[in-house]
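Chemist: Following is a predicted model, sequence given first.
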Amino acid sequence: MARCFIPVGWQQAGHLALVGFALLATLATTRAGPATQAGMTAIPAGTYRPLIRSQDEPAEISVAPFWLDIRPVTNAEYLAFVQAHPRWRRSQVSPLFADSGYLSDWAGDLELGPSAPVGAPVVRVSWFAARAYARAIDKRLPTIAEWERAAAAGFTQSEGAKEPGFPAQVLAWFTQPTPQPLPAAGSGRPNYFGARDLLTLVWEWVDDFNTAMVTGESRGDSGLDRNLFCGAGAAGIRDPSDFAGFMRAGFRSSVRASYSVPNLGFRCAQSP
């Protein structure tokens, strides 16, 4: 049946327009929660204060607004990626880009199995693989500054360190063994910016992970500030009480791009 259009008088049309504008204004002022975009949440501009820095490094780094995945990438999503890109399947990936542990919790190249539930975060993926996945969907890995900016938020306020009980909840994660299999990604409580599971599910790759403490292979890094690894390094520490931050910095500096760790996954970011 053809659509039927009913003429509207100028006065009625003007009234409808005013109603429409009023409705849009109401929605704009009463929207609950952060803005989202296809499974991502908006992280506003802010600053990142490095936990450990040398005297030549800035105390604060400006972070431009960006989009961040609400939850880590899942096994199901990564399975779709390796189906479309055979070079990243477990049996075909180059040893230069992933070690022998790559996707070893999967039952096969294209079979997840009981150790890798569909909705659980994908782990045992290298930095090279995570970056390839992000590029395949026109995204990227977040930087350290971006990731830490998003993770610094508590559940009810933008500065989690000032939220009663929040630092203790973050620290509690370190005292628990990694559950096997992992729970579903995104099942945790959203933080102030709308991101889930940043601090309580798995470690996550960031794009510039290898700049956490060193800039390259330490034996050949002539620009390395040795004071970071002796007593003098305490002068460059921003907050000695931030144990979780020290753990993240230490972990990032201990991995290589080809490593596939049992509880290391990733999520993607995107610039506006």
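Modeler: Received it, and whenever you're ready, just let me know what you need.
Chemist: what residues are up against residue 246?
Modeler: By C-beta atoms under 8 Å, 6 or more residues apart in numbering, the residues touching residue 246 are 51-52. Bear in mind the C-beta positions are built from the backbone N, C-alpha and C, glycine included.
Chemist: rerun at 7 Å
Modeler: residue 51 (C-beta atoms under 7 Å, 6 or more residues apart in numbering).
Chemist: ok, now how distant is it from residue 50?
Modeler: Here the distance between residue 246 and residue 50 works out to 12 Å (C-beta to C-beta, to the nearest Å).
Chemist: likewise residue 39?
Modeler: Distance, residue 39 to residue 50, by C-beta to C-beta: 29 Å.
Chemist: Which of these two has more residues huddled nearby?
Modeler: Using other C-beta atoms under 10 Å as the criterion, residue 39 and residue 50 rank with residue 50 on top: 20 against 13.
Chemist: I'd guessed residue 145 sits against residue 63; true?
Modeler: Yes - using C-beta atoms under 7 Å, residue 145 is in contact with residue 63, at 5.1 Å.
Chemist: Now the common contact residues for these two.
Modeler: With C-beta under 7 Å, 6+ apart as the test, residue 145 and residue 63 both reach residue 48.
Chemist: related to what we said a few turns ago, identify the contacts common to residue 246 and residue 50.
Modeler: Taking C-beta under 7 Å, 6+ apart as the contact criterion, no residue touches both residue 246 and residue 50.
Chemist: List the buried residues in stretch 101-121.
Modeler: The neighbour-count check on stretch 101-121 (16 or more other C-beta atoms under 10 Å) flags 101-103, 105-106, 109, 112, 116-117, 120-121 as buried.
Chemist: Give me the contact list for that stretch.
Modeler: Contacts of stretch 101-121 (C-beta under 7 Å, 6+ apart): 72-76, 79, 83, 89-91, 93, 123-126, 181-185, 201-202, 260, 265.
Chemist: out of those, which are inside strands?
Modeler: Residues of the contacts of stretch 101-121 located in strands (DSSP state E): residue 265.
Chemist: what about residue 56, neighbour count?
Modeler: With other C-beta under 10 Å as criterion, residue 56 counts 7.
Chemist: Was I right to think residue 43 contacts residue 66?
Modeler: Yes - between residue 43 and residue 66 there is a contact under C-beta under 7 Å: 5.5 Å.
Chemist: Neighbour count: those two, which is higher?
Modeler: residue 43 (24 against 20).
Chemist: so what's the more buried one up against?
Modeler: Residue 43 neighbours (C-beta under 7 Å, 6+ apart): 65-66, 68, 149-150, 193.
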